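S.K.: Return a 3D structure for these sequence lines:
(one chain, ligands or ions: 1)
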Amino acid sequence: MDSRYDPEAASRLVHELAGHASEALALRTYTARLVGSESSLVLHGGGNTSVKETAPTLFGETVEVLHVKGSGWDLATIEPAGHPAVRLAPLRRLRALATLSDEAMVNELRANLLDSAAPNPSVEALLHAFLPARFIDHTHADAILAVCDQPEGERICAAIFGRGFVWIPYVMPGFALAKKCAEAFERVAATTEPTVMVLEKHGLFTWGATAKESYERTIAAVTRAERYAVEHSPTVSFSLGRRSDVTDDQILPRLRGAAAALAGDAPERGPIVRHRSTPAILGFLARPDVAKLVAKGCATPDHVIRTKATALLVPRPAFDVSDASGAGDVFGAQLRGAMERYAREYDEYFETMCRSKGVTKKKLDPWPRVVLLPGFGACALGATASEADIALDLYEHTIDVMTNASEIGAYEPVGRSELFDLEYWSLEQAKLKPVVELPLSRCIALVTGAASGIGRATATHVALAGAHVTLVDRDEKALALVESEVRRKLGKSAAGRVLAFVADVRDEASVERAVAGTVSAWGGLDLVVSNAGAAPEGRLDTADGEAALRDSLALNCLSHATVARLAARIMMAQGRGGCLLFNASKSAFNPGPGFGPYAVAKSALIALMRQYAVDLGPSAIRSNAVNADRIRTGLFAGGVAESRAKARGVGPDEYFRANLLGREVTADDVASAFVYLASARATTGCVVTVDGGNAAAFPR
Ligand code: ZN
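M.R.: Numbers count the residues shown, from 1 in each chain. This is a model prediction of the structure:
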């Protein structure tokens, strides 16, 4: 691994942060980011860094402080505030204590913060405090784990690092580990200068007088471990894994459906499933010893809260995928069986651990986070795509560690009992952000005609209600604009939650690509808002009017049938119900003069909606429509508004307010109705009017 330290970039940041951070803290920030942006060093909030400094008090005195990474910060994007300052002297004094509970440790750390509003200092803060060096870097580097997740880790690491090497037998993070590290450091320091510390089955510490020295010692240590791995690789290699001839939509909806059913998710909701099938993953899954390796569990203890102790490996998956509707579904049954077995084993593990440790804990859910399907790839399940991606990132690196560790010697990571302590440690669980449950959380949605008008408002409302949403439209430019608008409105939570596909709903292949893309990205589909349409005018007693009717039937009726059929196929494969929503029109009930091509097609759409309610009800797939009227959208562009107003004998503004409530109805009103129907679990075959009230168009 190469050092990416760039003196110019470093001094640029020092300059940029002048006034906000001392030079030392700015350089600390710079190298912390270097460490954080290298995924084979740390991942997703893992690792921690520190620098010791002095700070003035209100009385003009100077105190020594430890700037140490605060909980909730990611090294890759850390700012000076991400290394809150803690008074160092009281922390060092703690070393004299024989024991210190976790609660007392957190309290001491908080009580000594200079800024009372700062985040909690890292659970490894005392370790940083007890070591004398000015700059300290702690990582869970893959290459280091491959040499310390070994039965002979100490011997191997001593051979790699030689003089100045400090070895710490496994101890859970916290006060006891901090003391052990300080003692071991001092033992080595008595005879030589300690330069590198390896924590058995956990990771690496390096330090230095400057940010650069500490960072480059991390890089040097990792490079030596990498070189050792290369020199000790056996000449035999395993055959490359190959992906079976199955498509994502034959596999993922059934995995998602099985997981949702077993975990007792509400209908039309389920985990978001992300998957990867890189050559490295497929090759790993094809190893003859894959089951043995997978069962050994996490490469470093703090992965456990994201991936659970082990992944679920489904050996020899039965990809009997000729019928994706799930009839005679051997694969689905195999998945359910494997998941149930996994959960039973988790329950037993939980009971055994509680009994043997004499503790009572509140059991976490027993379901796997990572599911491995040889011949297909690695899948991760989460409440959001980002959460699932984190689990997959961790597991991909775990695969690297397992592969290299078994080439060097034998992969032997931290044991199940120690992992249990971590999994149920309140300080670890606190790292997981609480999930905010919204009406459409864990719902995968697709909205057609999303680039304008009602579709645009609906896509936005559906996304704000918590769904993962695919935007479909044939207007590429407008679609890109709306996609970025939705992302902006979602803010930080947009990550991984919005997709856009250019598709013309009259072209089955392009709709198929949008549906397949949605399934590939998130594992299924629960909600479709079939909205795309246009409003052609014409008298049906003319040839032009009849031609317009034919076109309108293709767009305003038959294209909805295509969208619904392709979506229902995925919903059936999931077996968790689903929700089809159609944008109809009041014209279906109250046709206007010279508007036949539109009214006839929309009437047919209402009939189509009702037919789906009848046919798909037994599969728990609901079908409903919204009848909106006179919404100022693109539909009324190009003189249509004026022409319709004239047909009713009023001016345009009056036309839009001509309803029982006397108020103009907006696209947002329609969007709210769609969001309501998406959660109206007992409603199917229904038309909801959003027209301000129109007695002549009451559905009957
Ligand atoms: Zn650590």
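
S.K.: now do the same end-to-end measure for stretch 456-470.
M.R.: One end of stretch 456-470 to the other measures 12 Å (C-alpha to C-alpha, to the nearest Å).

S.K.: typo on my end, stretch 536-549
M.R.: OK, stretch 536-549 end separation, C-alpha to C-alpha: 8 Å.

S.K.: Check the offset of it from the chain's centre.
M.R.: 50 Å (C-alpha atoms, centre = their mean, to the nearest Å).

S.K.: So what touches it?
M.R.: 551, 552, 594, 595, 596, 597, 598, 600, 601, 640, 643 (C-beta atoms under 8 Å, 6 or more residues apart in numbering). Where you see a C-beta, it was placed from the backbone N, CA and C, and this is true even at glycine.

S.K.: The fifth one: what's its closest spatial neighbour, skipping adjacent residues?
M.R.: Nearest non-adjacent residue to residue 596, counting by C-beta to C-beta, 6 or more residues apart in numbering: residue 540, 4.2 Å away.

S.K.: and residue 21, that's in a helix?
M.R.: No: using DSSP: H, G, I helix; E, B strand; the rest coil, the secondary structure at residue 21 is coil, not a helix.

S.K.: pretty sure residue 636 contacts residue 655?
M.R.: No: the criterion here is C-beta atoms under 8 Å, and residue 636 misses it with residue 655 at 9.3 Å.

S.K.: Which residues are in contact with each of the two?
M.R.: With C-beta under 8 Å, 6+ apart as the test, residue 636 and residue 655 both reach residue 644.

S.K.: Show me which of the contacts of stretch 536-549 is closest to residue 20.
M.R.: Relative to residue 20, the closest of these is residue 640; by C-beta to C-beta it sits at 56.3 Å.

S.K.: If you rank the contacts of stretch 536-549 by neighbours, which is first?
M.R.: residue 601 (29 neighbours; other C-beta atoms under 10 Å).

S.K.: That one is in what secondary structure piece?
M.R.: helix 596-616 (DSSP states H and E).

S.K.: With residue 225 instead?
M.R.: Using DSSP H and E, the element containing residue 225 is helix 211-231.

S.K.: Give the burial count for the closest residue to residue 591 other than its chain neighbours, as a bare number.
M.R.: Nearest in space to residue 591, with sequence neighbours left out and distances taken as C-beta to C-beta, 6+ apart, is residue 599 at 3.7 Å. Per other C-beta under 10 Å, the neighbour tally for residue 599 reads 23.

S.K.: cool, and residue 20?
M.R.: The burial count for residue 20: 12, using other C-beta under 10 Å.

S.K.: pull the longest helix from the chain.
M.R.: Longest helix in the chain by number of residues (criterion: DSSP state H): helix 330-357.

S.K.: measure the residue nearest to residue 645 when sequence neighbours are not counted to residue 54 for me?
M.R.: Leaving out its chain neighbours, the residue that sits closest to residue 645 by C-beta to C-beta, 6+ apart is residue 655, at 3.7 Å. Separation of residue 655 from residue 54 (C-beta to C-beta, to the nearest Å): 73 Å.

S.K.: Neighbour count for the two, which is higher?
M.R.: residue 655 (20 against 13).

S.K.: Over to residue 167: give its phi and psi.
M.R.: Note on residue 167: its backbone torsions stand at phi -110, psi 130 [degrees, to the nearest 10].

S.K.: One more: the one 5 residues further on?
M.R.: With angles defined as degrees, to the nearest 10, residue 172 shows backbone torsions of phi -60, psi 150.

S.K.: Residue 207: what's it in contact with?
M.R.: 131, 133, 134, 135, 136, 137, 214, 217.
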